[in-house]
Each structure stands twice: as C-alpha cells, then as structure tokens.
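Engineer: When you get a sec, could you give me coordinates for this:
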Amino acid sequence: MTSSAPQHDADHWLRLDRQVCFPLYAATNLMQRLYRPLLAPLGLTYSQYLVLLLLWERGSATVGELRDCLYLDAGTITPLLKRMERGGLVTRSRDSEDERRVIIALTPHGTALREQARKIPETLAARIGLDATKAAELHESTTSLVERLHVLLKPPGSQPLFQHQSTS
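Structural biologist: Numbers count the residues shown, from 1 in each chain. Below you'll find the predicted structure:
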C-alpha cells in the first residue's frame with residue numbers, strides 16, 4: 001500500500017503557483033505590455049529599446065557583445081539588428097581589425113531617440129508604484145538571480161555580464 005503524502009508533496013511542487021519561473025515569466029510579459037504604449041510614439045519595440053539602451057551607454061558594440069548582454073541567441077539578435085538598420089536606428093559594419101566581427105553603431109536618428117526616451121524609466125516606475133527603495137531591492141534580487149543562472153549556463157571561468165553595483 002502506498003502513502004498519499006509523497007504523491008501530495010510531489011503534486012504540491014508541480015503546481016503553477018509554486019514555480020519560481022512563472023511569476024518571472026508573467027512579470028516579463030506584463031512589463032513589456034506596460035512599455036508598449038511608452039515606446040510606440042518612438043516607433044520602438046521593447047527589444048529595440050534594450051539594444052538602444054546599451055548603445056546609448058556604450059556608443060557602439062559588436063553583435064556578440066549585444067547578444068551576450070541581452071542574453072539573446074544569434075537567431076534572435078541578427079534579425080532584430082537588421083530591422084533596426086532598415087528603420088534607420090543603427091548601422092552594421094565589419095570590424096576593420098577582425099572581419100568576423102560586426103560593429104553596431106547608432107545613427108543620428110538612433111542617437112536622437114535618447115532624449116525622447118529619457119522619461120520612460122521614470123514614467124514606468126510611477127505606473128508600477130515602486131518607490132526607489134523597493135525598486136532597488138527588486139533590481140538587486142533579480143540581478144542576483146540572472147547572475148546565478150548565467151553561471152549555470154556559461155562555461156567555467158566566464159564572467160557575469162552584469163557588474164553588480166551597490167546602491168549605497
């Protein structure tokens with residue numbers, strides 16, 4: 001005769017509301033939906049906005065750097081960058097020192113969007129209702145999770161892509 005307790009415990013952990021991945025998945029989908037009306041006037045998708053954030057910060061980056069920083073695979077980043085190039089946001093050019101590398105740089109239009117996007121983070125934070133302390137705590141815990149997941153999926157010795165910054 002088998003006990004129902006072990007089966008109950010197993011079923012408990014298979015419930016959707018017990019999964020760590022589900023609230024993260026749902027939060028990501030809902031966040032992207034909140035961004036959509038803020039990005040629409042700029043003609044941007046959420047993925048394009050993330051690429052632009054990195055380029056506004058760095059000036060230019062290789063496709064590999066963008067792929068690694070955004071945790072995207074080649075099959076996702078390449079079409080995204082091609083669409084952004086067709087939209088006049090970025091240029092793609094071969095690195096003169098290493099023809100295998102493609103450098104992505106902002107166009108004047110891509111650069112100009114930075115000023116228009118300046119209020120997006122503040123507007124989103126206000127809509128969500130997170131004060132600075134709660135936002136910093138959430139950022140800290142999710143960044144820590146991303147770093148742990150990155151370590152599990154990357155070869156030994158690779159560095160975390162986020163540089164953990166103290167908020168104090």
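
Engineer: how close does the residue nearest to residue 128 when sequence neighbours are not counted get to residue 92?
Structural biologist: Closest residue to residue 128 apart from its sequence neighbours, by C-beta to C-beta, 6 or more residues apart in numbering: residue 34 at 7.4 Å. C-betas here are computed from N, CA, C, even on glycine. Between residue 34 and residue 92 the distance is 30 Å, computed by C-beta to C-beta, to the nearest Å.

Engineer: Residue 136 too?
Structural biologist: For residue 136 relative to residue 92 (C-beta to C-beta), the value is 36 Å.

Engineer: for residue 117, same thing?
Structural biologist: 21 Å.

Engineer: Likewise for residue 146?
Structural biologist: With C-beta to C-beta as the criterion, residue 146 and residue 92 are 27 Å apart.

Engineer: residue contacts, the residue most central in space within the chain?
Structural biologist: In the chain, the C-alpha nearest the mean C-alpha coordinate belongs to residue 70, at 5.0 Å (C-alpha atoms, centre = their mean). Contacts here follow C-beta atoms under 8 Å, 6 or more residues apart in numbering; on that basis residue 70 touches 47, 50-51, 54, 77.

Engineer: Backbone dihedrals for residue 84, please?
Structural biologist: Backbone torsions for residue 84, taken as degrees, to the nearest 10, come to phi -70, psi -40.

Engineer: Also residue 94?
Structural biologist: The phi/psi pair for residue 94 (degrees, to the nearest 10) is phi -70, psi 140.

Engineer: With residue 82 as the reference, measure out to the closest residue to it other than its chain neighbours.
Structural biologist: Leaving out its chain neighbours, the residue that sits closest to residue 94 by C-beta to C-beta, 6+ apart is residue 102, at 6.2 Å. Distance of residue 102 to residue 82, computed by C-beta to C-beta: 11 Å.

Engineer: Tell me the residues that contact both of the two, please.
Structural biologist: Between them, residue 102 and residue 82 share the contacting residues residue 92, judged by C-beta under 8 Å, 6+ apart.

Engineer: And those two? Which one has more around it.
Structural biologist: Taking other C-beta atoms under 10 Å, residue 102 and residue 82 do not tie; residue 102 has more neighbours (17 against 12).

Engineer: quick one, helices of this structure?
Structural biologist: 4-13, 21-39, 46-58, 63-70, 74-86, 108-117, 120-128, 132-153 (DSSP state H).

Engineer: tally of neighbours for residue 116?
Structural biologist: By other C-beta under 10 Å, the residues close to residue 116 number 11.

Engineer: what's the answer for the one 3 residues further on, then?
Structural biologist: Counted with other C-beta under 10 Å, the burial measure for residue 119 works out to 11 neighbours.
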